[in-house]
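Asker: Here is a sequence with its predicted model. Questions after.
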Amino acid sequence: MIRTRFAPSPTGYLHVGGLRTALYNYLYAKKNDGTFILRIEDTDQKRYVEGATEHLMEMMNWAGLNYDEGPDKEGKFGPYIQSERTETYRKYAQELLDKKAAYRCFCTQERLDEMRLNQEKQKKAPMYDRHCLYLTEEEVQKKLDEGAPFVIRQKVPSSEVVRFDDKIRGKVSFAGNTIDDQVLIKSDGFPTYHLANVVDDHLMEVTHVIRGEEWLPSTPKHILLYKAFGWQHPEFAHIPLLLNKDRSKLSKRQGDVSVEEYIKKGYSKEAIINFIAFLGWHPGGAEENEIFTLEDLSSQFTLEKVHKAGAIFDIEKLEWFNWQWNRKRYHEKLSAIAKEIDPKVLIENPKKGEFIYTFDDKKNQSAFSRKKAETLLEICKDYIDEKYKNDEDILNKTLVTVEEKILRNPKEINENISFYFGIGEYEKELLTHEKMKVDFEMAKTALEKSLEVLEDLDDFDSEGKIQEVLLKLVEKLGVKNGQILWPIRSALTGLQFSPGVFEIISVLGKEETLNRIKKGLSKLENQ
Ligand code: GLU
């Protein structure tokens, strides 16, 4: 039976790398019908943060990473908080002392500092020089009788080479003489990470230790401890480091590293989990779809597909996942609405993420359009400026034209729709376009001629009609579409980028459209 654990030190926030470790442990357990444990590693009392453990449990719940055993769950291996297990660690430290696999070290801080300094001068790696390993039993007893403070150190067999098979990294080996005699019990009687981690993984019958690559150098120390106790060590899988775009180690300096920050910024849970899962893992093969629910991930996750190389933490990719998830939820909702309006609706999906809903009955189509606008409004209503909310009818019409923009980032709604409610100042050069071969002369002709045909048109509700008259004009003048449509679009929006010109005209209506074209023309005439 597979048993994995997430063993965070409570810091007050959840690091994105921590969420990935938790996720991979959860997924590996779920995939294999195993058990997932949450264990709080809070033996460093200096780092104690009030409420941090509760916060971690909340974050696990938020992510849906339901642990089977943990501080607030039943389980026969508890307590699951290390600060409540100190007696256990002391007992096992004593066992190591008895087995001569550990020794007491009475070195003062001054001595250790001096030793370090000398090592630095000689360009040697900082390592304890084993001064206390050579104390006689009498000398040790004397110091104990004097009440001298001490730590307990691991006695690393320096002639040994520690080898193990990492499930991700493959064969790994460390020479014993490069491994420091690690402190196992500190002078305050609390264990260090190394001892507590090994004892707990053994007692909690953890079968797979899946953790960040930064712990790889600790693993030989752990393996030696297992060996000293006469225990079998679990399988190890070290997942790749998270890197900034410039391939440096992910750091606070280059952006946020806490999951809470990304939630605050409005990224959805599903997108965050999906993004995090793909940091160092990919289903591979012909699998093109990258949109995975937690259930999908649970059924597909394998350690074999975890990469060895560092994983780039690319915010643009998170944005992309967020957009895809917004789209997915939106179209799931729209499909349900469409089927409720007419069970016979034709729903087509010509391209990934793109949907067309066709109804036989025009009335149904317009009922659907209304619902669609309502659904879009629901997504971005918290961000819409009050001044745009006055005319609901116009607002509804505008939202549909910026549908993808809303799904991509609902927070940018105001900048995307503001031009409908009033046009700002713009340079007359905007009406021209070198690549499209629109010079001032062409722009002027386009605006004059389109003004004429649009003045003659009455039905501004129908995008089709608008398109028809403008494309006829293009044909009549024998020019390219862009040569007519670009100047109109920029005169109507004052922007470089905007929705399609026919839908803009239909939303603005006749009067406003003609006014804006005239305004554009006057810019050209004044030159
Ligand atoms: N407490 C360690 C941490 O903060 C756990 C490392 C491990 O999984 O062994 O990440």
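Answerer: Perfect, thanks for sending it. All of these numbers come straight from a predicted model, not from anything done at the bench.

Asker: hey, what's the nearest residue to residue 219 once chain neighbours are set aside bridged with?
Answerer: Of all residues not flanking residue 219 in the chain, residue 236 sits nearest, at 5.7 Å (Cβ to Cβ, 6 or more residues apart in numbering). Placement of C-beta: from N, CA and C, glycine included. Taking DSSP bridges as the rule, residue 236 bridges to residue 166, residue 209.

Asker: list the contacts for whatever residue of the stretch 251-400 of the chain ends up closest to the ligand?
Answerer: Closest contact between the stretch 251-400 of the chain and the ligand, by Cβ to the nearest ligand atom, is at residue 257 (13.7 Å). Neighbouring residues of residue 257 by Cβ atoms under 8 Å, 6 or more residues apart in numbering: 15-17, 250-251.

Asker: can you redo the residues you listed as TSV with distance to the ligand?
Answerer: Converted to TSV, the contacts of residue 257 look like this (distance: Cβ to the nearest ligand atom, whole Å):
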residue	distance to the ligand
15	9
16	13
17	9
250	14
251	17
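
Asker: re the thing from before, mind checking how far the residue of the stretch 251-400 of the chain closest to the ligand is from residue 249?
Answerer: Noted for residue 257: a distance of 11 Å to residue 249, by Cβ to Cβ, to the nearest Å.

Asker: Over to residue 154?
Answerer: The value you get for residue 154 to residue 249, if Cβ to Cβ is used, is 27 Å.

Asker: Could you list which of the contacts of residue 257 belong to helices?
Answerer: 16-17 (DSSP state H).

Asker: Number of residues surrounding the residue nearest to residue 104 when sequence neighbours are not counted?
Answerer: Ranked by Cβ to Cβ, 6+ apart and with sequence neighbours excluded, the top spatial neighbour of residue 104 is residue 150, at 4.5 Å. Residue 150: 17 surrounding residues under other Cβ atoms under 10 Å.

Asker: Just to check, residue 150 is in contact with residue 103?
Answerer: No - counting by Cβ atoms under 8 Å, residue 103 is not a contact partner of residue 150; they are 9.5 Å apart.

Asker: Extract the residue ranges of the stretch 301-450 of the chain that are flagged as low pLDDT.
Answerer: By pLDDT under 70, the stretch 301-450 of the chain contains no weakly predicted segment.

Asker: Let me see the ranges of the strands in it.
Answerer: Along the stretch 301-450 of the chain, counting by DSSP state E, counting those that start in this stretch, strands occupy 311-312, 346-348, 356-358.

Asker: Adding mean neighbour count, write the ones you listed out as TSV.
Answerer: As requested, those are exported to TSV (neighbours: other Cβ atoms under 10 Å):
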stretch	mean neighbour count
strand 311-312	18
strand 346-348	11
strand 356-358	15
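
Asker: Can you convert those into CSV and add a column each for distance to residue 43?
Answerer: Below are the strands of the stretch 301-450 of the chain laid out as CSV (distance: least, Cβ to Cβ, whole Å):
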stretch, distance to residue 43
strand 311-312, 29
strand 346-348, 56
strand 356-358, 58
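
Asker: got those as JSON lines, with distance to the ligand columns?
Answerer: Listed next are those as JSON lines, based on distance: least, Cβ to the nearest ligand atom, whole Å:
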{"stretch": "strand 311-312", "distance to the ligand": "17"}
{"stretch": "strand 346-348", "distance to the ligand": "46"}
{"stretch": "strand 356-358", "distance to the ligand": "48"}
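
Asker: follow-up on the earlier one: name the residue in residue 154 and residue 249 with the higher neighbour count.
Answerer: Remark: of residue 154 and residue 249, residue 154 carries more neighbours, 24 against 12, as counted by other Cβ under 10 Å.

Asker: What I need now is the contacts of residue 257 written out in JSON lines, including neighbour count for each item.
Answerer: Formatted as JSON lines, the contacts of residue 257 follow (neighbours: other Cβ under 10 Å):
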{"residue": "15", "neighbour count": "17"}
{"residue": "16", "neighbour count": "22"}
{"residue": "17", "neighbour count": "24"}
{"residue": "250", "neighbour count": "21"}
{"residue": "251", "neighbour count": "11"}
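
Asker: quick one: stretch 448-462 to chain centroid distance?
Answerer: 49 Å (Cα atoms, centre = their mean, to the nearest Å).

Asker: What's the end-to-end length of that stretch?
Answerer: 22 Å (Cα to Cα, to the nearest Å).

Asker: Which one of the residues in the stretch 151-300 of the chain is closest to the ligand?
Answerer: Closest point on the stretch 151-300 of the chain to the ligand, by Cβ to the nearest ligand atom, is residue 211, at 3.6 Å.

Asker: Tell me the residues of the protein that contact the ligand?
Answerer: 7-9, 41, 193, 197, 211, 215 (Cβ under 6 Å from any ligand atom).

Asker: Only whichever of those residues are buried, select them in PyMOL.
Answerer: Those of the residues of the chain next to the ligand that count as buried under 16 or more other Cβ atoms under 10 Å are selected in PyMOL with:
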select buried, resi 7+8+9+41+193+197+211+215
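
Asker: so can I have a markdown table of the residues of the chain next to the ligand showing secondary structure and pLDDT?
Answerer: Converted to a markdown table, those look like this (DSSP: H, G, I helix; E, B strand; the rest coil; pLDDT from 0 to 100):
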| residue | secondary structure | pLDDT |
| --- | --- | --- |
| 7 | coil | 98 |
| 8 | coil | 96 |
| 9 | coil | 94 |
| 41 | coil | 96 |
| 193 | helix | 96 |
| 197 | helix | 98 |
| 211 | strand | 98 |
| 215 | helix | 97 |
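
Asker: Just the closest of the residues of the chain next to the ligand to residue 284, please.
Answerer: residue 211 (22.5 Å; Cβ to Cβ).

Asker: just checking, that closest one touches residue 238?
Answerer: Yes - with contact defined as Cβ under 8 Å, residue 211 and residue 238 form a contacting pair (6.4 Å).

Asker: tell me the contacts of the closest residue to residue 95 other than its chain neighbours?
Answerer: Excluding the flanking residues, the one nearest residue 95 by Cβ to Cβ, 6+ apart is residue 229, at 7.0 Å. Going by Cβ under 8 Å, 6+ apart, residue 229 touches 92, 95-96, 198, 202.

Asker: and what of residue 86?
Answerer: Residue 86 touches 43, 189-191, counting by Cβ under 8 Å, 6+ apart.
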